[in-house]
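1. Need coordinates for the following:
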Amino acid sequence: MNPWSQVPYDDYERHMNHETVGQLAFLSDITKEKVEQCYPQTVAVYGACTGNGFVHFVEARTVYAVDLNPAYLAVCHERYEPILNQLVLVQADINHDSVAIPLGSADLIICHLFLEYVDLNRAFDSIRQSLRRGGLLNVVLQRSNNSGWVSNTGRSRSGVPAGAVTTLQPVAAIATEVSDETLLRHTAPDLRFEGRQTYRMPNGKSLVSCDFVKV
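-> Numbering: from 1, shown residues only. Okay, here's the model as predicted:
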């Protein structure tokens with residue numbers, strides 16, 4: 001069973017919003033920047049979780065939220081279905097399932113902190129099928145910088161401080177840091193690299209945002 005199916009959404013959000021992590025707001029800002037860059041009508045978010053950044057998709061015609069955890073998708077639907085034109089939930093484990101997005105339909109694909117947990121060949125096969133020619137793919141990867149993959153924010157399911165043991169620890173066991181070389185190898189030749197930005201986070205980790213255009 002994939003460990004992400006067992007992480008309660010509130011533990012995930014508390015961890016990602018913790019002052020020493022601060023990733024949710026940062027990733028939302030990156031999403032906003034990409035929306036303003038290409039004004040997409042169709043968006044697909046791989047690893048949508050509870051819909052961080054979906055508030056920026058209000059002008060899009062269709063938004064596909066892809067995640068393996070049905071509880072995450074339920075929260076995403078509750079929060080964002082009222083404000084989006086069309087929100088389509090796609091429950092799928094990319095390692096085993098096909099992703100039901102129409103071929104060549106996505107103007108923008110958001111892929112934040114997702115590739116580290118999946119089979120890259122299967123993930124990019126799906127992304128290539130979903131993204132239209134000329135469409136934008138934004139990938140954000142984490143660099144741990146020797147500080148450990150999951151920061152200890154002391155969050156447990158009950159909210160009781162848990163030291164180094166949290167409900168997020170099991171996902172670290174399946175994580176693989178994706179190097180620049182690995183990313184470029186999997187995007188070549190038809191996903192053209194457009195540029196990257198690196199952001200230093202409060203806990204010593206870095207986020208690397210990379211843009212690709214399908215040619």
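
2. Any idea how far apart the tips of stretch 76-94 sit?
-> 19 Å (C-alpha to C-alpha, to the nearest Å).

3. now swap in stretch 193-213 and tell me
-> Note: stretch 193-213 ends 7 Å apart using C-alpha to C-alpha.

4. now swap in stretch 55-72 and tell me
-> Chord length of stretch 55-72, first to last residue, is 16 Å (C-alpha to C-alpha).

5. buried residues in it?
-> Neighbour counts using 16 or more other C-beta atoms under 10 Å place 56-57, 60, 62-69, 72 of stretch 55-72 among the buried residues. Heads up, the C-betas are built off the backbone N, CA and C, glycines and all.

6. residue ranges with poor pLDDT in this protein?
-> 20-21, 146-165 (pLDDT under 70).

7. need the strands for it, in chain order.
-> In the chain, the strands defined using DSSP state E lie at 42-46, 62-67, 87-91, 106-112, 131-143, 191-200, 206-214.

8. Could you dump those strands into a markdown table with distance to S28 added?
-> Putting the strands of the chain into a markdown table (distance: least, C-beta to C-beta, whole Å) gives the following:
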| stretch | distance to S28 |
| --- | --- |
| strand 42-46 | 12 |
| strand 62-67 | 14 |
| strand 87-91 | 17 |
| strand 106-112 | 10 |
| strand 131-143 | 11 |
| strand 191-200 | 13 |
| strand 206-214 | 12 |
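
9. out of those, which comes closest to D10?
-> Among those, strand 62-67 comes nearest to D10, with 15.7 Å by C-beta to C-beta.

10. residues near the residue lying closest to T182 once chain neighbours are set aside, how many?
-> In this structure, T182 finds its nearest non-sequential neighbour in L120, 7.1 Å apart by C-beta to C-beta, 6 or more residues apart in numbering. Counted with other C-beta atoms under 10 Å, the neighbours of L120 add up to 17.
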